[in-house]
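Q: my questions concern the predicted model and sequence given below.
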Amino acid sequence: MSPRTLAVSAGRPARTPGGSLNPPVVLTSTFVSQGTPGAGEHLYGRIGTPAWEPFEEALAALERTDHAAAGLRADGPPATVFASGMAAIDAALALVPVGGRVVVPRHAYQVTLVLLREQAERGLLRVEPVDVADTDAVVAAVHGSDEPAAALWLESPTNPMLEVADVPALVAAAHEVGALVVVDSTFATPLVQRPLAHGADVVLHSVTKYLAGHSDVVLGATVTDDPALHARLVAHRTTHGAIAGPFEVWLALRGLRTLALRVERAQANAGEIARRLAGHPDVVEVRYPGLPADPGHARAAAQMDGFGAVLGLRPAGGATGADALVAAVELWVPATSLGGVESTLERRRRFATESLTVPEDLVRLSVGIEDVEDLWADLERALTAARGARA
Ligand SMILES: *Cc1c(COP(=O)(O)O)cnc(C)c1O
């Protein structure tokens, strides 16, 4: 079945006359238990709960894991929901052997880079940043001069630079040397890109963004086809305790039902806005893999079913021009985060932790599902206002 259908149909309760169409919000910290617990029996809310499983089942189906067709297995679906995207990232990093070298995009989600740096300082791993769009450089880093990398961390498209990695080629190169491949697929969603199909070991999402889609919850998730890796991710969640709340997961599944409609509209809006911005006199540069002139275009067209709905804009006037643009919008919301139904924008390089190679005038736009003409009118007016503010 199409992922558009699975987003609606997966993770439903068994059909019973008079039964609930939707999974309920399950609020219990513990479960009745007598004698030796049976396989798949719930014990305690930190270890496993029916509150997580419908969402995990639906996400696993969307990522098209080998196990998805089997539905709920005794040890749960091959997706694992966490308290946040960062909790999922922390669990995935714990799969890297102690002291191992991790090859990572120099432009990745900034808190991922902070966590990697912190773990490197504690001697848990070594970090090697690369330009993820430069396939030869990434392959060389993965192979290493004297010792191969333990893991390849991919983000594609990257946050906030929208670089596109050659996922199939890089997964193959990493597996040649036995490196674990983790893909942060938050920007793409499973509708646009399915890294497990390219051979990645673990795919993860900040569910906060497109999957939940309404800017009302913070959640994360991992998905893997490998039962041993899945067991370790679940064990990490149980031991470290970064568990998702039942109501948040219920909201995320409710949001997931409209994923296809939201992503399709947001992508169409993003493509149209990127095209109009590219020809605008007050714009220095637009980064969007959907633009034919974008350096990531051919690669994205080959490996993705669309180009996502995040774009990078460098307005005229440097950081001052970018700040003036963000101050002038009325419909677009100045806010961090992305992937909600509402269009948001933010100037990057506002945070001390950001990579110094991110331009100071970069405004990241998360295009929502509003009418594109209203979005464009607001943006065009704000560009004109920003020009006035610079003059
Ligand atoms: C937001 C984001 C994260 C972190 O997720 P949280 O849910 O905020 O913890 C990780 N990766 C990417 C690409 C993100 O955009």
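A: That came in fine, so what should we check first?

Q: ok, which residues in the stretch 1-150 of the chain are in contact with the ligand?
A: Neighbours of the ligand within the stretch 1-150 of the chain, by C-beta under 6 Å from any ligand atom: 84-86, 109, 112. All C-beta atoms are positioned from the backbone trio N, CA, C, and that covers glycine.

Q: ok, the residues you listed vs residue 225, which is closest?
A: Nearest to residue 225 among those: residue 85, at 20.5 Å, using C-beta to C-beta.

Q: report pLDDT for that closest one.
A: Note on residue 85: pLDDT of 98.

Q: burial check on residue 298, number of neighbours?
A: Using other C-beta atoms under 10 Å, residue 298 is surrounded by 12 other residues.

Q: can you check the one 3 residues further on too?
A: One way to gauge burial is a neighbour count; for residue 301, by other C-beta under 10 Å, it gives 15.

Q: likewise residue 268?
A: Around residue 268 there are 16 residues (other C-beta under 10 Å).

Q: for residue 94, which non-adjacent residue is closest in space?
A: Counting by C-beta to C-beta, 6 or more residues apart in numbering, residue 236 is the residue found nearest to residue 94 once chain neighbours are left out, at 5.2 Å.

Q: hey, C-alpha coordinates of the helix or strand the one you found falls within in CSV?
A: Following DSSP states H and E, one finds residue 236 within helix 227-240. Output of helix 227-240 as CSV, limited to C-alpha atoms (Å, rounded to 0.1, in the frame of the first residue of the first chain):
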residue,chain,number,x,y,z
PRO,A,227,16.2,-6.7,15.7
ALA,A,228,19.5,-6.5,17.7
LEU,A,229,19.8,-2.7,17.2
HIS,A,230,16.1,-2.3,18.0
ALA,A,231,16.5,-4.2,21.3
ARG,A,232,19.4,-1.9,22.2
LEU,A,233,17.5,1.2,21.4
VAL,A,234,14.6,0.0,23.5
ALA,A,235,17.0,-1.0,26.4
HIS,A,236,18.5,2.5,26.2
ARG,A,237,15.1,4.1,26.5
THR,A,238,14.2,1.9,29.5
THR,A,239,17.6,2.5,31.3
HIS,A,240,18.0,6.2,30.5
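
Q: and the residues of the stretch 1-150 of the chain next to the ligand as CSV, adding neighbour count and secondary structure?
A: Listed next are those as CSV, based on neighbours: other C-beta atoms under 10 Å; DSSP: H, G, I helix; E, B strand; the rest coil:
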residue, neighbour count, secondary structure
84, 19, coil
85, 23, helix
86, 19, helix
109, 20, coil
112, 22, helix
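
Q: tabulate those (JSON lines), appending distance to residue 223.
A: Listed next are those as JSON lines, based on distance: C-beta to C-beta, whole Å:
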{"residue": "84", "distance to residue 223": "16"}
{"residue": "85", "distance to residue 223": "13"}
{"residue": "86", "distance to residue 223": "17"}
{"residue": "109", "distance to residue 223": "18"}
{"residue": "112", "distance to residue 223": "17"}
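
Q: of these, which is the nearest to residue 45?
A: residue 84 (17.6 Å).

Q: make sure the closest one is actually in contact with residue 209.
A: No - Residue 84 is not in contact with residue 209 according to C-beta atoms under 8 Å; the separation is 11.2 Å.

Q: quick one: buried residues of stretch 158-175?
A: For stretch 158-175, the neighbour count (16 or more other C-beta atoms under 10 Å) marks 158-171, 173-175 as buried.

Q: one more: stretch 264-280?
A: Residues of stretch 264-280 classed as buried: 264-274, 276-278 (neighbour count, 16+ other C-beta under 10 Å).

Q: and the residue lying closest to residue 271 once chain neighbours are set aside, how many neighbours does it have?
A: The shortest distance from residue 271 to any non-neighbouring residue, by C-beta to C-beta, 6+ apart, is to residue 290 (4.8 Å). If you count neighbours by other C-beta under 10 Å, residue 290 ends up with 23.

Q: how close does the residue nearest to residue 94 get to the ligand?
A: Residue 236 sits at a distance of 15 Å from the ligand (criterion: C-beta to the nearest ligand atom, to the nearest Å).

Q: same check on residue 185?
A: 8 Å.

Q: quick one: residues contacting that residue.
A: Remark: with contacts taken as C-beta atoms under 8 Å, 6 or more residues apart in numbering, residue 185 is in contact with 156, 193, 195, 203-205.

Q: nearest to residue 63, of these?
A: Closest to residue 63, out of all of those and judged by C-beta to C-beta, is residue 203, at 5.9 Å.

Q: name the nearest residue to the residue in the stretch 1-150 of the chain that the ligand sits nearest to, ignoring sequence neighbours.
A: Nearest to the ligand, among the residues of the stretch 1-150 of the chain, is residue 85, at 2.2 Å (C-beta to the nearest ligand atom). Excluding its sequence neighbours, the residue lying closest to residue 85 (C-beta to C-beta, 6+ apart) is residue 206, at 2.9 Å.

Q: doesn't residue 285 fall inside a strand?
A: Yes - per DSSP: H, G, I helix; E, B strand; the rest coil, residue 285 lies within a strand segment.

Q: ok, it - contacts?
A: 312-314.

Q: repeat that for 6 Å
A: residue 314 (C-beta atoms under 6 Å, 6 or more residues apart in numbering).

Q: if it is in a bridge, with which residues?
A: Residue 285 has these beta-bridge partners by DSSP bridges: residue 314.

Q: what subset of the buried residues of stretch 158-175 is also close to the ligand?
A: Restricting those to those touching the ligand (C-beta under 6 Å from any ligand atom) yields residue 159.
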